[in-house]
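Student: Have a look at this fold, sequence not included:
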């Protein structure tokens with residue numbers, strides 16, 4: 001009996017550790033893959049806030065012709081805007097650290113009201129970045145190389 005309870009507790013700890021690892025790697029959306037229902041607004045922010053610049057480039061390159069106004073299209077648009085605004089990898093990291101991670105945490109803790117549409121989330125993300133950097137997204141002519 002004790003051994004079974006101990007194994008269940010270890011499995012629960014392992015599952016929690018796996019969820020935390022996915023969160024810190026920007027892979028929280030994996031937990032929602034294949035599930036029906038609404039995905040919390042912090043999930044797309046998680047992807048932008050924690051991914052490496054190469055993945056950000058992949059997100060930006062994705063085309064979503066099937067749902068151009070949907071969540072995935074908004075994520076691709078914002079990823080491309082972040083890259084266009086950032087001249088260096090360090091600037092991408094600064095935007096993630098100073099704007100996106102705090103926004104993600106505020107959404108997770110329900111400190112701020114979650115948006116109900118991709119357009120509202122895009123506005124929230126752009127405002128957060130502008131507040132953290134003092135500049136709007138996509139400064140003309142400056143891109144990550």
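Tutor: Noted; the coordinates are in hand. Just so it is clear, the structure is predicted and the values come from calculations on it, not from any experiment.

Student: those helices in the protein, which residues are they?
Tutor: For the chain, applying DSSP state H gives helices covering 2-24, 42-50, 53-61, 71-85, 89-95, 101-108, 118-133.

Student: and these as JSON lines, adding mean neighbour count and mean pLDDT?
Tutor: (Glycine included, C-beta is placed from N, CA and C.) Shown next, in JSON lines, are these (neighbours: other C-beta atoms under 10 Å; pLDDT from 0 to 100):
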{"stretch": "helix 2-24", "mean neighbour count": "11", "mean pLDDT": "62"}
{"stretch": "helix 42-50", "mean neighbour count": "23", "mean pLDDT": "91"}
{"stretch": "helix 53-61", "mean neighbour count": "16", "mean pLDDT": "90"}
{"stretch": "helix 71-85", "mean neighbour count": "20", "mean pLDDT": "87"}
{"stretch": "helix 89-95", "mean neighbour count": "16", "mean pLDDT": "93"}
{"stretch": "helix 101-108", "mean neighbour count": "19", "mean pLDDT": "94"}
{"stretch": "helix 118-133", "mean neighbour count": "18", "mean pLDDT": "88"}
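
Student: Let me see the domain layout of this protein.
Tutor: As assigned by automatic domain parsing, the chain contains the domains 1-31, 39-145.

Student: what about residue 86, distance to residue 43?
Tutor: Using C-beta to C-beta, to the nearest Å, residue 86 is found at 22 Å from residue 43.
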